[in-house]
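Engineer: All I have is the shape, not the residue letters:
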C-alpha cells in the first residue's frame, strides 16, 4: 500500500498535536516532531481512531540520580586542592608588613592594602562568567588558563619593583585567576552530590583553611632564609603541583545545560528567597573579613609582640577548619539556613567583642571564636543557592551571587579602615562590622520564611 497518504495524514496530525496544550511533566513539556510520527508503520492504521504516540520521558532535576559518593569523593579531593591554591592563597595576605618596610617603603600603607583587597573581591567577581561557562559544559577550558595565570603571576611578583607591577600581578591577575578556580568548585560538586552536597563542599572548603594557615607561616619563615624573590618562586612551584592534582581529579558529570539566556538571568530574581538571600550575603561581606584583616594590627596596638600577632591570622584560619567541616554535616542534617544563621550571629558577637581584647590570651580566644563560624559561612555561602533552583543552571545562579558579593567584599575592609582612621581605635570598627554581620542574619531569616512559608521547617 502506498504510504504517502498516511505520511500526509501524520503530518496533519502533528500540526494538530502541536496546537494542543500539553500538561507539563516534571517541569518540562513533551514535544512531538515529524520524525516521531513518520517512523511508525501506518499501513494498518484505522483512521477512525485517534493517533496516540508515546514519547520518551525527559528527566527533570528532581528525577536525576546523584551518586552521593564513589568517584564524587575524588572530585571533592580535586576541589580541595583547587580551593587551597586559590581561596587559601587569597586568605594568606601576609605581605603588608614586608612591602611597607622593605619593598615599597615610600608607598602609603593604605594604598598597599588595596592589593590584598583587590584579591579578596576579584575572587568573586568572575562569578557570572564562570557559572555560565560551567553550565554550557566548559570546566577545564577555563580552569587551565586560570591556573597557569596564577602560577606565572606569583613567580613574576619576584621581579616586581614598583607599585603598579605588584597591583597588576598580585592583585588583579592573581585575584581573577583565583576567582575562575574557586567559582568552578561548587557547581562541580553539585553534579555529584545532592543529599550530601553541603558535607562534600564543606570538606573541599577546608582547603581554604589549610592554605590560609600554612602559606603565611611558610612565607614568614622563608623570606629571612632564602629571600623574597626565591620565596615567591617556591610558592609558585607549590601552587603548580596543587593545581595539577586538581585538574586531574575534577570532572563534570551531567551534560551541558540548554538553559537559554546569557551571563545574567534577571528571571532568577523573581524568586523572593533567592533575591533576599543575595542581599543578605552582600550585607554579610561588608563586615565579614574586617576582623581577619585587622586583628594582627589591633594586637600590635594593644602591646602584643609583632612576632606573635602575625600568627593571629593563621590561628583564625586554622580555627575555620572546624567550622567548615562541622557546618557541612549540620547543613545536610538540619538545613542550610538553619545552620548558617546561628553561625552568623556568633560571628557578629565575636566581632563586637574583638576590639576589647587587649591581651595575648584574649586575642587567641576571640580569633578562635571568630574563625570557627566565619569558616562555616565562607565555605557554604553558595550552598543555599543550589537548593533554590535546578542543577542545570546552578552555575549561573551561584555566579550571580558571587559577583554581587565581590563588590561588597571590595568596599567592606576599606570602609572599616576609614572608620579606624577617623577614630584611631577599633571599637567603632567592631560595631560597624558586627552590625553588618548581624543584619545579614536577620535578612536570612526573611529569606528562610519566604522559602518555607512558615517559621518551622528544614531549609
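Structural biologist: Looks like it came in fine. Everything quoted here is computed from the prediction, not taken from an experiment.
Engineer: Okay, now the unreliable bits of the chain?
Structural biologist: Scanning the chain for pLDDT under 70 picks out the ranges 1-64, 110, 257-262, 389-393, 459.
Engineer: One more pass at 50, please.
Structural biologist: 1-10, 12-40, 42, 45, 47, 50-62 (pLDDT under 50).
Engineer: Give me the contacts around stretch 99-112.
Structural biologist: 96, 115, 163, 166, 228, 417, 421 (C-beta atoms under 8 Å, 6 or more residues apart in numbering). The way it works is simple: take the backbone N, C-alpha and C, and place the C-beta from them, glycine included.
Engineer: helices and strands around the longest helix seen in the chain, which ones?
Structural biologist: Counting by DSSP state H, the longest helix found in the chain is helix 197-249. The elements that helix 197-249 packs onto, with contact taken as 3 or more C-beta pairs under 8 Å, 6 or more residues apart in numbering; DSSP states H and E, are helix 71-90, helix 140-157, helix 185-190, helix 311-334, helix 360-380, helix 383-386.
Engineer: any chance of the ones you listed in JSON lines, plus distance to residue 348?
Structural biologist: Shown next, in JSON lines, are those (distance: least, C-beta to C-beta, whole Å):
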{"stretch": "helix 71-90", "distance to residue 348": "22"}
{"stretch": "helix 140-157", "distance to residue 348": "33"}
{"stretch": "helix 185-190", "distance to residue 348": "25"}
{"stretch": "helix 311-334", "distance to residue 348": "14"}
{"stretch": "helix 360-380", "distance to residue 348": "9"}
{"stretch": "helix 383-386", "distance to residue 348": "19"}
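Engineer: on that earlier part again, any idea of the angle the longest helix of the chain forms with helix 140-157?
Structural biologist: 80 degrees (axes from the mean of the first three to the mean of the last three C-alpha atoms, to 10 degrees).
Engineer: Beyond helix 197-249, next helix or strand please.
Structural biologist: Moving toward the C-terminus from helix 197-249, the next helix or strand (DSSP states H and E) is helix 272-285.
Engineer: Could you list the buried residues of the following helix or strand past that following helix?
Structural biologist: Remark: after helix 272-285, the chain's next helix or strand is helix 290-301, criterion DSSP H and E. Across helix 290-301, burial judged by 16 or more other C-beta atoms under 10 Å covers 290, 291, 292, 293, 294, 295, 296, 297, 298, 299.
Engineer: Can you tell me the closest non-neighbouring residue to the first one?
Structural biologist: Nearest in space to residue 290, with sequence neighbours left out and distances taken as C-beta to C-beta, 6 or more residues apart in numbering, is residue 433 at 3.7 Å.
Engineer: now the angle from the one helix or strand that neighbour maps to to helix 272-285?
Structural biologist: Using DSSP H and E, residue 433 sits in helix 427-452. Angle of helix 427-452 versus helix 272-285, following the same axes, to 10 degrees, is 170 degrees.
Engineer: What residues of helix 427-452 count as buried?
Structural biologist: Here helix 427-452 shows 429-430, 432-441, 443-444, 447-451 as buried, counting by 16+ other C-beta under 10 Å.
Engineer: what about residue 344, how many residues close to it?
Structural biologist: By other C-beta atoms under 10 Å, 26 other residues sit near residue 344.
Engineer: tell me the contacts of it?
Structural biologist: Counting by C-beta under 8 Å, 6+ apart, the residues that residue 344 touches are 284, 373, 377, 437, 438, 440, 441, 444.
Engineer: hmm, 10 Å instead?
Structural biologist: Neighbour list for residue 344: 280, 284, 288, 337, 373-374, 376-377, 437-444 [criterion: C-beta atoms under 10 Å, 6 or more residues apart in numbering].
Engineer: Can you give me the neighbour number for the residue nearest to residue 85 when sequence neighbours are not counted?
Structural biologist: In this structure, residue 85 finds its nearest non-sequential neighbour in residue 242, 4.2 Å apart by C-beta to C-beta, 6+ apart. Look at residue 242: counted by other C-beta under 10 Å, it has 23 neighbours.
Engineer: swap in the one 10 residues further on?
Structural biologist: Burial measure for residue 252: 17 neighbouring residues, criterion other C-beta under 10 Å.
Engineer: Can you tell me how far it is from residue 180?
Structural biologist: 15 Å (C-beta to C-beta, to the nearest Å).
Engineer: now residue 382
Structural biologist: 15 Å.
Engineer: Distance of the closest residue to residue 293 other than its chain neighbours relative to residue 291?
Structural biologist: Closest residue in space to residue 293, ignoring its immediate chain neighbours: residue 413 at 4.9 Å, by C-beta to C-beta, 6+ apart. Note on residue 413: its distance to residue 291, by C-beta to C-beta, is 10 Å.
Engineer: Residue 222 now?
Structural biologist: Taking C-beta to C-beta, one finds residue 222 at 27 Å from residue 291.
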